[in-house]
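A.B. asks: Let me see the structure of the following:
(2 chains)
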Protein chains: 2
Amino acid sequence: MAQASGTDFGNCPLLPLRSSDVYEFDGDTAVAVVASSGSRSTWSTTVSDRWNIGERPNGGYALAIAARAIASALPDHPHPFSITGHFLRPSQPGPAIIEVEVVRTGRKLSTATATLTQDGKDRIRVLGTFGDLRESTGPGNANVSNRIDGQPPELPPIGECIDRGPMGVEGSTVGFRTTTMLHPGTGWTTGSPRGTATVAAFTSFADGRPADPLSLLFFADGLPPALFDSLPERVWLPTIELTVHVRAHPAPGPLRVVMKTRFLIDGYFEEDGEIWDTNDRLVAQSRQFGMVFRP
Amino acid sequence: MAQASGTDFGNCPLLPLRSSDVYEFDGDTAVAVVASSGSRSTWSTTVSDRWNIGERPNGGYALAIAARAIASALPDHPHPFSITGHFLRPSQPGPAIIEVEVVRTGRKLSTATATLTQDGKDRIRVLGTFGDLRESTGPGNANVSNRIDGQPPELPPIGECIDRGPMGVEGSTVGFRTTTMLHPGTGWTTGSPRGTATVAAFTSFADGRPADPLSLLFFADGLPPALFDSLPERVWLPTIELTVHVRAHPAPGPLRVVMKTRFLIDGYFEEDGEIWDTNDRLVAQSRQFGMVFRP
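C.D. replies: Predicted coordinates for the structure are as follows:
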């Protein structure tokens, strides 16, 4: 799974090389094994500054790096069926180490933990169970019919949506990594929040990289917060914990993502997300737990 | 937080003693510290056979034991704001060891991991961020108003509901630990599933123990599966992962719990839960990821 091998990189020979013929997301989540012993392995990476919100890397992007290290340690089970990250401290652009422990390897599922560390400080702790979505397709395990109680978010034609690219906190770069077309009713974009605490959009990588199971971890945290449509002014909404269930391999084409916050209680909130593909299939569900922070 | 100290217990002197003047849930989740060094501590417990589904302890009950060990290691932050457990193997009634690592201690929040082990095998891996709900009450952090977009499940008077106590797989004991009164429209109880994949009930501990934040982890996994109302026959629905966000300290009286499964895809499903207290406040949200298993 490693996208780049260790090469000369100044005084950091183990850091992966970015190559211009690699999609941005793959280059910027590349990991390289540093050491491996039994169930434990150590990976190096470089957190890019191309996925920033303000000065800080997007949480879903950072989670995807850790997930790539886990997937690399679990060759038979490359897809995060259920993964949870707790964000202890903001990560920062620059070198990082990921410690992976494979906790259990099973026939259908394997479970592992990961810790992303920078400057000797834990930034993200991850716990996930991985599988192989190719194996789970078909008539279903245990011969049980699928049940689909939901549908993709209603969005007008993509050309009538609002390009979120230029928006964001000063210094943000993440908006330029995707082509994200927000529902035109996203009121805060024109200074008129509607109070629904919902955000919906078409989204895809700006450089044409197809979405895959790993990248859904980023897309599950890739829209502006749903609460922007409900709060009277812009505040920071740091993620404490993000859980993503990847349910299917996305088909080619723009994803449709919808995020909603129903309960903001004493400064803490959840944000629930669904990601749908061009075949009208649910490909991921997400829920994050966050807090309102006024700098 | 430990409810019982180490005493003579046959050849297992470190196991906590059950006392007849202790509520069942407290006695059966009691932990005692065995060793502690820096950020790591080791706890012993006895997994009771009083919370079984068939021969296996209920997952939410087992998660609550691990959470109690974490809470005991975090005296300033006793409440699980967001906790995730991955169920690697079924736990079993009998002695267990819980290894806790405190990953970060902050002013408002602390994060820790726990591993519940029996017979040298990891059974549950846990990652959680804990806080103090007493501190988060009031006008809210950052002076942001609450947002409540939802309401308790509609249930008829408790006397018109169906007592789930006697129901369950042969050998199950968990149904007798609570007084759980299912919505009378829970069709599978009379052989007529309605196909809504929803289950709702009043629930409280049978011995009168008040609900508290820790016990909400159990109640989040304490009802029969929502999919029983949608599947043509009884199957096993083992939990792979369970995440609970505890949002408030529950008021006295029966909780109202509603669980719903919207997406069963290729044998895997999510189950979303809400727990409301007698003051019509949301006190917890949950989501679990599970699989359909036909023995």
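A.B. asks: all helices of the stretch 101-250 of chain A, in order?
C.D. replies: Assigned by DSSP state H, counting those that start in this stretch, the helices in the stretch 101-250 of chain A fall at A:133-136, A:215-219.
A.B. asks: got CSV for those helices, with mean pLDDT too?
C.D. replies: Formatted as CSV, the entries for the helices of the stretch 101-250 of chain A read as follows, by pLDDT from 0 to 100:
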stretch, mean pLDDT
helix A:133-136, 80
helix A:215-219, 98
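A.B. asks: among these, which is the most enclosed?
C.D. replies: Greatest average neighbour count among the helices of the stretch 101-250 of chain A goes to helix A:215-219 (a mean of 28), per mean count of other CB atoms under 10 Å in any protein chain shown. Backbone N, C-alpha and C define where each C-beta goes, glycine included.
A.B. asks: what residue ranges in chain A are flagged as low confidence?
C.D. replies: Along chain A, the model assigns pLDDT under 70 to residues A:1-20, A:136-142, A:166, A:295.
A.B. asks: next SSE after whichever helix in it runs longest?
C.D. replies: Across chain A, the longest stretch assigned as helix under DSSP state H is helix A:59-73. As assigned by DSSP states H and E, the chain's next helix or strand after helix A:59-73 is strand A:79-87.
A.B. asks: now check the longest helix of chain A, is it near chain B?
C.D. replies: No. Helix A:59-73 does not reach chain B (CB under 8 Å from any CB of the partner chain); its nearest approach is 12.3 Å.
A.B. asks: now swap in stretch A:268-285 and tell me
C.D. replies: Yes. Interface with chain B: stretch A:268-285 contributes A:Tyr268, A:Phe269, A:Glu270, A:Leu282, A:Gln285 (CB under 8 Å from any CB).
A.B. asks: picking that back up, against which helices or strands is the longest helix of chain A packed?
C.D. replies: Using 3 or more CB pairs under 8 Å, 6 or more residues apart in numbering or on different chains; DSSP states H and E, the elements in contact with helix A:59-73 are strand A:40-47, strand A:79-87, strand A:94-105, strand A:110-118, strand A:121-131, helix A:215-219, strand A:239-246.
A.B. asks: Could you check the angle the longest one makes with strand B:110-118?
C.D. replies: What it means is strand A:94-105. 20 degrees (axes from the mean of the first three to the mean of the last three CA atoms, to 10 degrees).
A.B. asks: Each with direction, which strands does strand A:94-105 pair with?
C.D. replies: Strand pairing for strand A:94-105, determined by DSSP bridges: strand A:40-47 (antiparallel), strand A:110-118 (antiparallel).
A.B. asks: can I get those in a markdown table with mean neighbour count?
C.D. replies: Putting the strands paired with strand A:94-105 into a markdown table (neighbours: other CB atoms under 10 Å in any protein chain shown) gives the following:
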| stretch | mean neighbour count |
| --- | --- |
| strand A:40-47 | 22 |
| strand A:110-118 | 23 |
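A.B. asks: Dump the ones you listed to CSV, plus distance to B:Ala67.
C.D. replies: As requested, the strands paired with strand A:94-105 are exported to CSV (distance: least, CB to CB, whole Å):
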stretch, distance to B:Ala67
strand A:40-47, 26
strand A:110-118, 17
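A.B. asks: number of nearby residues for the residue in the stretch 151-295 of chain A positioned nearest to chain B?
C.D. replies: Residue nearest to chain B within the stretch 151-295 of chain A (CB to the nearest CB): A:Gly267, separated by 2.6 Å. Other residues lying near A:Gly267 total 21 when counted by other CB atoms under 10 Å in any protein chain shown.
A.B. asks: what does the stretch 151-295 of chain A have sitting close to chain B?
C.D. replies: So the stretch 151-295 of chain A meets chain B at A:197, A:227, A:230-231, A:235, A:240-241, A:243, A:245, A:247-248, A:261-270, A:282, A:285, A:287, A:289, A:291-294 (CB under 8 Å from any CB).
A.B. asks: which among those end up buried?
C.D. replies: A:197, A:227, A:230-231, A:235, A:240-241, A:243, A:245, A:247-248, A:261-270, A:282, A:285, A:287, A:289, A:291-292 (16 or more other CB atoms under 10 Å in any protein chain shown).
A.B. asks: who are the neighbours in contact with the one residue sitting closest to the centre of chain A?
C.D. replies: The C-alpha lying nearest the average C-alpha coordinate of chain A belongs to A:Phe218 (CA atoms, centre = their mean; 1.9 Å). Contact analysis of A:Phe218 by CB atoms under 8 Å, 6 or more residues apart in numbering or on different chains lists A:Phe25, A:Trp51, A:Asn58, A:Gly60, A:Tyr61, A:Leu63, A:Ala64.
A.B. asks: SS state for the nearest residue to A:Pro93 once chain neighbours are set aside?
C.D. replies: Residue nearest to A:Pro93 in three dimensions, not counting chain neighbours: A:Asp49, with 3.7 Å by CB to CB, 6 or more residues apart in numbering or on different chains. The assignment at A:Asp49 comes out as coil when based on DSSP: H, G, I helix; E, B strand; the rest coil.
A.B. asks: Pretty sure A:Asp49 sits against A:Gly171.
C.D. replies: No. Taking contacts as CB atoms under 8 Å, A:Asp49 lies outside contact range of A:Gly171: 9.3 Å.
A.B. asks: So if I had to pick from these two, which one is more boxed in?
C.D. replies: Using other CB under 10 Å as the criterion, A:Asp49 and A:Gly171 rank with A:Asp49 on top: 15 against 11.
A.B. asks: How much space separates the more buried one from B:Thr115?
C.D. replies: 36 Å (CB to CB, to the nearest Å).
A.B. asks: Likewise for A:Gly187?
C.D. replies: Remark: distance between A:Gly187 and B:Thr115 (CB to CB) = 46 Å.
A.B. asks: now do A:Arg56
C.D. replies: For A:Arg56, the distance to B:Thr115 - CB to CB - is 30 Å.
A.B. asks: do the same with A:Arg234
C.D. replies: 40 Å.
A.B. asks: How about A:Phe219?
C.D. replies: 31 Å.
A.B. asks: do the same with A:Asp229
C.D. replies: Taking CB to CB, one finds A:Asp229 at 40 Å from B:Thr115.
A.B. asks: cool, and A:Gly60?
C.D. replies: For A:Gly60, the distance to B:Thr115 - CB to CB - is 26 Å.
A.B. asks: A:Pro225 too?
C.D. replies: According to CB to CB, A:Pro225 and B:Thr115 sit 33 Å apart.
A.B. asks: Could you do A:Pro213 as well?
C.D. replies: From A:Pro213 to B:Thr115 the distance is 27 Å (CB to CB).
A.B. asks: now swap in A:Leu127 and tell me
C.D. replies: Counting by CB to CB - A:Leu127 and B:Thr115 are separated by 11 Å.
A.B. asks: Ok, A:Val174 next?
C.D. replies: Following CB to CB, the distance that separates A:Val174 from B:Thr115 is 35 Å.
A.B. asks: Also A:Gly222?
C.D. replies: Using CB to CB, A:Gly222 is found at 32 Å from B:Thr115.
A.B. asks: Looking at strand pairing, list the partners for the spatially closest residue to A:Arg147 that is not a sequence neighbour.
C.D. replies: Ranked by CB to CB, 6+ apart and with sequence neighbours excluded, the top spatial neighbour of A:Arg147 is B:Leu264, at 3.9 Å. Beta bridges link B:Leu264 to A:Arg147, B:Phe269, judged by DSSP bridges.
A.B. asks: so B:Leu264 touches A:Asn146, yeah?
C.D. replies: Yes. Judged on CB under 8 Å, B:Leu264 makes contact with A:Asn146 at a distance of 5.8 Å.
A.B. asks: end-to-end on stretch A:88-107?
C.D. replies: The separation between the terminal residues of stretch A:88-107, taken as CA to CA, to the nearest Å, is 32 Å.
A.B. asks: Right, I'll call it a day here.
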